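Everything below, folded, please.
(chains A and B)
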Amino acid sequence: MSGQDGNDGPPGGIGCEEALARVYEYLDGELEPETRERIHQHLEVCRRCYPHFNFERLFLDRLAAVRETPEPCPELARRIRALLDSEPGR
Amino acid sequence: MTESDQRRVEFREEALPHLEALYGLGLRLTGGDEARAEDLVQETVLKAYRAWDHFELGTNCRAWMMTILRNTFINEFRRQKGRPTRVDYDEVEERSVYPDLREADPEGEFFDELIDDEVVRAIEDLDPDFRLPLVLSDLEGLSYQEIAEAMDVPVGTVKSRLFRARRRLQKKLYAYARETGYVS
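Below is the predicted model of the structure:
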């Protein structure tokens, strides 16, 4: 398959520097399908880029995991309950 | 019980369990400002209560209220957009920490060692112009276009700030992990 043995240019037709420059757009799903596919092909075989992309993916996953981290707010809860009590009935 | 009493009870049961999650989002958006976050939550709950008739029971109440809170914050942010920003663009080298870690922790395991509290505080410490795109993208899941519309800036600006924010955050978390010994 073209690209895998290096004889037909870089994998996916895209170089490492170019691929890495778009790592976040790739992981965010914001690339046009053609570019996304080229980077995908590059990552399938590039032992330099794949771990780097994977690292960034783990980072973003870690951020997403704090999405709904609750914070205690007993005073606020009390105030809000009191506020609701004084709202006109719906 | 009257119908309106019933709706009130319904609201309390459905909506009030989400207060802590809402407050959490408020703190992330305001950078840890407790007073502002509390105001946001209060305003959100009142808006939700007044719109309760339009809410379809059985759909995701938390997501609905988180969206109200987020939009309330964004509207306020846009109104204040005229203020000068404190953003320092030269201060920090904006690169991934991966090259530093490639030998010691290539799998990024230190990310899992970090507790939520540490990650959350690091996010809250970011400058507002960097924090907002990051929270909207990485916590709230908005697209670049949606963030651009929310912040009333071009998509290019969103990308630039978002990527810088992520690099800064990464650097912070890595420094913290080294201090704490998660990484040597």
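
Could you report the distance from the spatially most central residue of chain B to residue B:21?
Nearest residue to the geometric centre of chain B (Cα atoms, centre = their mean): residue B:135, 3.4 Å. Residue B:135 is 14 Å from residue B:21, where distance means Cβ to Cβ, to the nearest Å. C-beta coordinates here come from the backbone N, C-alpha and C atoms, glycine included.

again with residue A:68
Distance, residue A:68 to residue B:21, using Cβ to Cβ: 5 Å.

Which of those two has more residues huddled nearby?
With neighbours defined as other Cβ atoms under 10 Å in any protein chain shown, residue A:68 and residue B:21 compare such that residue B:21 has more, 19 against 15.

Output the contacting helices and strands for the helix or strand encompassing the more buried one.
Assigned by DSSP states H and E, residue B:21 belongs to helix B:19-30. Counting contacts by 3 or more Cβ pairs under 8 Å, 6 or more residues apart in numbering or on different chains; DSSP states H and E, helix B:19-30 packs against helix A:74-85, helix B:34-50, helix B:61-79, helix B:116-124, helix B:128-134.

Which among those is found nearest to residue A:64?
helix B:116-124 (10.4 Å; Cβ to Cβ).

Up against chain B, what does chain A have?
Within chain A, the positions adjacent to chain B are A:24-25, A:28, A:30, A:51-52, A:54-56, A:58-73, A:76-77, A:79-81, A:83-84, A:87, A:89-90 by Cβ under 8 Å from any Cβ of the partner chain.

Mind checking which of those residues are in strands?
Of the positions in the residues of chain A next to chain B, not one sits in strands, assigned by DSSP state E.

Buried ones only from these, please, as a ChimeraX command.
For the buried members of the residues of chain A next to chain B, the matching ChimeraX selection, counting by 16 or more other Cβ atoms under 10 Å in any protein chain shown, is:
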select /A:24,25,28,30,51,52,54,55,56,59,60,62,63,66,67,69,71,73,76,77,80,84,90
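
mind listing which of the residues of chain A next to chain B are in helices?
Of the residues of chain A next to chain B, the ones assigned to helices by DSSP state H are A:24-25, A:51-52, A:54-56, A:58-64, A:76-77, A:79-81, A:83-84.

Residue A:11 is in contact with residue A:41, correct?
Yes - assessed by Cβ atoms under 8 Å, residue A:41 is found in contact with residue A:11 at 5.7 Å.

who has more neighbours, the two?
Neighbours were counted for residue A:41 and for residue A:11 using other Cβ under 10 Å; residue A:11 has more, 25 against 20.

pLDDT at that one, what is it?
Confidence at residue A:11, expressed as pLDDT, is 83.

where does the chain dip in pLDDT?
With no chain named, the answer covers chain A. Applying pLDDT under 70 to chain A picks out residues A:1-8, A:89-90.

I was after chain B.
Within chain B, the segments meeting pLDDT under 70 span B:81-93.
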